[in-house]
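A.B. asks: generate coordinates for the sequence data below:
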Amino acid sequence: MKYPIVTGLLVLLMFSNGAGATNVFNLEGFGPVSRALGGAGAAHDIGAAGMMYNPATLGLMEDGPGLYIGLDLIGTDIDTVNQATGEKAKSNKNSESNNRGPIYYAPQLAYTNNVGNLTLGVGAFAQGGLGTEFGKTSFLSRTSTNNVDTGLDNSSRLLNLRIPFAAAYEVNDRLIVGGSVDAVWTQLNLELLLDVNQVGALAGDGRVSGSLVPTLLAIPNLSGAHFSLTKNDIVGGGTEGWGLGGKLGFTYQITDTTRIGMAYNLETHVEDLSGRAVLTAVDNNNNQIPLSGKIKIRDFQNPAQLSLGVSHEINEQLTVVADYNRVFWKDVMKDIDIGFVQDGTGDNIDILLPQNYKDINLYSIGAEYQYTQAWIFRAGFSHSDQALRSNLLFAVIPAQLQNHLTGGLAYSWSENSTFDFGLSYAFEKSMNNASLPNTDSAVPIKSSHRQINAVFGYSYRF
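C.D. replies: Predicted coordinates for the structure are as follows:
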C-alpha cells in the first residue's frame, strides 16, 4: 500500500455527500454485489466492499492487486402530513445548498493485494446516514402555540464514513480469518424547531437542564425554540468527530459447494461531535432572539453488529446466499444528547431528545446466476425489525424503512475489468406520532418514507 493510494482515498472523501436513511442509519449492503443480493455477503465474495462487512471474504477474491471505484446514489422520498390539518411537508423539494438531495451520493474507493496467503486492503466507504430537507415554509416551521410562522429551517444530514484497513489470512484450504481497524468520521447537520409545548414536556421529564433554562423560560410569550447546526458544504457537518471502529470475521468451507461466514462489527468509539450552533428563541409575535455558541452531540456512536451467513452453489451457474444480522441499536441510541454553551456568557443548556431504539434482527437472501462468462445477474430481498418506536418519531430523523427488493448485474469485458451494478427499492413505510416531546401533540404527524438506492462499481485487476 503506497501513500498515493491513501492520499487518493482522502481526496475522494472531499466529494462525499449525505445518505438517506435505509436500515435505520446503515446502508442495505456495501458495494454493488452485496446490494444486489439483498445486503448478504458474510460468506460470499462481494469484492473489496467485503472489508465493510466481513473482512475474511477478501481472501475469496482473485489473486493479485486490484483497484475498486464505486458510487452510491441514494434517492429519498419522504412525506410528512399534519393529520390535524391535512397539510403536507415534502422532503428535498426545498433544497437551498449543494448538500441537500434529492439525490444523495457517496463515492467509494478501495485497493487490495495479496501476498501469499495474506490479503491486505484499504478503502473508503459510506456506512450510512440520513437526509431530509423540509425547508422553511412547511407546517414544521410553524409553532402550534399561536401558529407562528417562524421561517426557520427543518432539515438534517447525517453521514458516517469509514476508512478500513483490512487483512484476511487463509489458514488452510477451508478456513479464512480476517479483521479490520477502521477510521470513522461522523458528520451531522440539524435544523429543528421545537414548540414550547415540546420544550415544556422535555423539562417536565427532566430532559432539559442548565443555566440558560431560566433565561429562556423568562421570555414573555415564548412560542418555540430552534436549533441550527448546519454546514452548507458538500462535505462535513455542523458537528463532526473522528474515532475508531473495527471488525473480526471468518469464512469456513464446509463442503465443496457450501461456505459459512461470521463477522462481528464492534461498536464505534467516536469523539463527541462538536461545532458551532445558533439557538433561537421565538415569541408569539415572531420576535426571534438568536444565541450563538458551541455545541456538542455527546456519545453518538454506530452500533455493534453480529453477522452470520451461508453461501451455497446449487450448480456451476447458480449460487444462493442468506445472512442473519443482529444489530445492537439499543446500546447506542437511547437519547440524542445535546450540550450548548453560549458565547460570551458561558451559560449552557443540555437537552436529551429521547430515541429508545430497539435491537433488531435483519434477514437477507439473494441469488447469483452466471449467465455467460461475461454476464452475471443477481437478485435479493431483505427484511429488518423496526428499531424506531412510533411515539418517538421525529419528522427530520426518518429511520423506519424495513423491506428492500434488490437486483443487479456484472459485466466483465476482459479478464481484468468488471463493471457491477446494484439497485434496491425500499417499500414505503409509514409511521404516526401524536406524542410529546418529539412531536407536538397538537400537530399529530404521519411520516411516509420510500427510497431507491443504486450503486455502481468498477474493478480492475492488475
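
A.B. asks: give the buried residues for stretch 115-135.
C.D. replies: Neighbour counts over stretch 115-135 (16 or more other CB atoms under 10 Å) mark 119-135 as buried. Just so you know, the C-beta spots here come from the backbone N, C-alpha and C atoms, and that holds for glycine as well.

A.B. asks: wait, Leu216 touches Ala281, no?
C.D. replies: Yes. With contacts counted by CB atoms under 8 Å, Leu216 reaches Ala281, the gap being 5.6 Å.

A.B. asks: what do these two both touch?
C.D. replies: Leu222, Ala225 (CB atoms under 8 Å, 6 or more residues apart in numbering).

A.B. asks: burial measure for Val332, as a count.
C.D. replies: Using other CB atoms under 10 Å, Val332 has 17 other residues around it.

A.B. asks: wait, what's in contact with it?
C.D. replies: Glu267, Asp299, Phe300, Gln301, Asn302, Pro303, Tyr357.

A.B. asks: how does it look with 7 Å?
C.D. replies: By CB atoms under 7 Å, 6 or more residues apart in numbering, the contact set of Val332 is Glu267, Gln301, Asn302, Pro303.

A.B. asks: are any of the residues you listed buried, and which?
C.D. replies: Gln301, Asn302, Pro303.

A.B. asks: which strand or helix spans the closest residue to Met51 other than its chain neighbours?
C.D. replies: Excluding its sequence neighbours, the residue lying closest to Met51 (CB to CB, 6 or more residues apart in numbering) is Ala166, at 3.8 Å. According to DSSP states H and E, Ala166 maps onto strand 155-170.

A.B. asks: with just CA atoms, put that strand into PDB.
C.D. replies: Output of strand 155-170 as PDB, limited to C-alpha atoms (Å, rounded to 0.1, in the frame of the first residue of the first chain):
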ATOM      1  CA  SER A 155     -33.700  19.600   7.900                       C
ATOM      2  CA  SER A 156     -31.000  17.000   8.700                       C
ATOM      3  CA  ARG A 157     -27.900  15.400   7.200                       C
ATOM      4  CA  LEU A 158     -26.000  12.600   8.800                       C
ATOM      5  CA  LEU A 159     -23.100  10.800   7.100                       C
ATOM      6  CA  ASN A 160     -20.900   8.000   8.600                       C
ATOM      7  CA  LEU A 161     -17.700   7.400   6.600                       C
ATOM      8  CA  ARG A 162     -15.300   4.600   7.200                       C
ATOM      9  CA  ILE A 163     -11.700   4.100   6.100                       C
ATOM     10  CA  PRO A 164     -11.000   0.400   6.900                       C
ATOM     11  CA  PHE A 165      -7.500  -1.000   7.000                       C
ATOM     12  CA  ALA A 166      -8.300  -4.700   6.500                       C
ATOM     13  CA  ALA A 167      -6.500  -8.100   6.300                       C
ATOM     14  CA  ALA A 168      -7.500 -11.700   5.600                       C
ATOM     15  CA  TYR A 169      -5.400 -14.800   6.100                       C
ATOM     16  CA  GLU A 170      -6.000 -18.200   4.500                       C
END
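
A.B. asks: other SSEs contacting the helix or strand following it?
C.D. replies: For strand 155-170, the succeeding helix or strand toward the C-terminus, using DSSP H and E, is strand 175-195. Packing contacts for strand 175-195, counted by 3 or more CB pairs under 7 Å, 6 or more residues apart in numbering; DSSP states H and E, involve strand 155-170, strand 222-229, strand 239-253.

A.B. asks: what's the mean pLDDT across the helix or strand immediately after strand 175-195 in the chain?
C.D. replies: Using DSSP H and E, the helix or strand that follows strand 175-195 in sequence is helix 196-204. The average pLDDT for helix 196-204 rounds to 94.

A.B. asks: buried sites along helix 196-204?
C.D. replies: Val196, Asn197, Gln198, Val199, Gly200, Ala201, Leu202, Ala203.

A.B. asks: okay, the helices and strands packed on strand 175-195 in TSV with mean pLDDT, mean neighbour count and distance to Gly178 next?
C.D. replies: Output for the helices and strands packed on strand 175-195, formatted as TSV (pLDDT from 0 to 100; neighbours: other CB atoms under 10 Å; distance: least, CB to CB, whole Å):
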stretch	mean pLDDT	mean neighbour count	distance to Gly178
strand 155-170	95	24	4
strand 222-229	96	23	38
strand 239-253	98	20	5
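
A.B. asks: which one of these lies nearest to Leu392?
C.D. replies: Judged by CB to CB, the one of the helices and strands packed on strand 175-195 that comes nearest to Leu392 is strand 155-170, at 15.3 Å.

A.B. asks: report the angle between the closest one and strand 222-229.
C.D. replies: Here strand 155-170 runs at an angle of 40 degrees relative to strand 222-229 (axes from the mean of the first three to the mean of the last three CA atoms, to 10 degrees).

A.B. asks: the residue of the chain most remote from its centre and Asn284: what is the separation?
C.D. replies: Here the chain reaches farthest from its C-alpha mean at Pro220, the gap being 40.1 Å by CA atoms, centre = their mean. Pro220 is 8 Å from Asn284, where distance means CB to CB, to the nearest Å.

A.B. asks: about what we covered before: which of the buried residues of stretch 115-135 fall in strands?
C.D. replies: Residues of the buried residues of stretch 115-135 located in strands (DSSP state E): 119-133.

A.B. asks: quick check, nearest of those residues to Leu401?
C.D. replies: Leu130 (10.3 Å).

A.B. asks: hey, what's the closest one bridged with?
C.D. replies: Going by DSSP bridges, Leu130 is paired in beta bridges with Leu158.

A.B. asks: wait, isn't it in contact with Leu159?
C.D. replies: No. Leu130 is beyond contact range of Leu159, at 8.7 Å (criterion: CB atoms under 7 Å).

A.B. asks: tell me the phi and psi of the nearest residue to Thr22 once chain neighbours are set aside?
C.D. replies: Nearest non-adjacent residue to Thr22, counting by CB to CB, 6+ apart: Glu28, 4.8 Å away. Dihedral pair for Glu28: phi -90, psi 70, per degrees, to the nearest 10.

A.B. asks: list the contacts of Glu28.
C.D. replies: Contacts of Glu28 by CB under 7 Å, 6+ apart are Thr22, Arg35, Gly39, Ser382, His404, Ser424.

A.B. asks: wasn't the second one part of a strand?
C.D. replies: No. Arg35 is assigned helix when assessed by DSSP: H, G, I helix; E, B strand; the rest coil, not a strand.

A.B. asks: in contact with the closest residue to it other than its chain neighbours, which residues?
C.D. replies: Distances taken as CB to CB, 6+ apart place Gly422 nearest to Arg35, at 3.2 Å, with adjacent residues excluded. Residues near Gly422 by CB under 7 Å, 6+ apart: Gly29, Pro32, Val33, Arg35, Ala36, Thr406, Gly408, Ala454, Val455.
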